[in-house]
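Visitor: Model the following, please.
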Amino acid sequence: MAQSNLERVGRALELLNKGLKPFIEREMLAKYGAHWQYEALKSLREQHFTDDDELYQDTQGLLLIMWDQVEQRLLQSAGACRTQFGERFARYTQQVGTPESIQHR
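Guide: Next up, the predicted model:
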C-alpha cells in the first residue's frame, strides 16, 4: 500500500530527529560541557518537558536548540566579520587612499 503524505512527513521527521539528537548533544557537550542541558533549556518551551522535569527532545525542540545556538554563533561571528572588514578596509585605504581621494571614473 502506498504511503500517504502524512506518513511520509512523519517518517522524515523521525529520521531528522534520529540524526539531529546525537549531533546536537555532541556539539552542546563540546561547547558547554556536562551542563549543556541547562543551556538547551533556554531554547525550549513548556511542552518540551515531561512530568518529572526530564528533557523531552522531539524534533521541534531539537530544531529550537539548533536555531538558538546558530543565532548566537552568527551574532558572535558578525562581530568578528565586522572587525575583519574594518581591518581589511584600513589596509586597503592605506594602499589606495581614502574613498574621498579615489576619483570616480
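
Visitor: quick one: low-confidence parts of the protein?
Guide: Scanning the chain for pLDDT under 70 picks out the ranges 47-56, 74-85, 96-105.

Visitor: Helices along that one, start to end?
Guide: 5-32, 36-41, 59-96 (DSSP state H).

Visitor: Deepest-packed of the ones you listed, please.
Guide: Highest mean neighbour count among the helices of the chain (mean count of other C-beta atoms under 10 Å): helix 36-41, with a mean of 16. Where C-beta positions appear, they are placed from N, C-alpha and C, glycine not excepted.

Visitor: Show me what it is packed against.
Guide: For helix 36-41, the packing partners by 3 or more C-beta pairs under 8 Å, 6 or more residues apart in numbering; DSSP states H and E come out as helix 5-32.

Visitor: And residue 12, how close does it get to residue 86?
Guide: Plainly put, residue 12 is 43 Å away from residue 86 if you go by C-beta to C-beta, to the nearest Å.

Visitor: Please read the previous query as pertaining to residue 59.
Guide: As judged by C-beta to C-beta, residue 59 and residue 86 stand 40 Å apart.

Visitor: now swap in residue 22 and tell me
Guide: Between residue 22 and residue 86 the computed distance is 39 Å (C-beta to C-beta).

Visitor: likewise residue 64?
Guide: In terms of C-beta to C-beta, residue 64 sits 33 Å off from residue 86.

Visitor: now swap in residue 1 and tell me
Guide: Distance, residue 1 to residue 86, by C-beta to C-beta: 62 Å.
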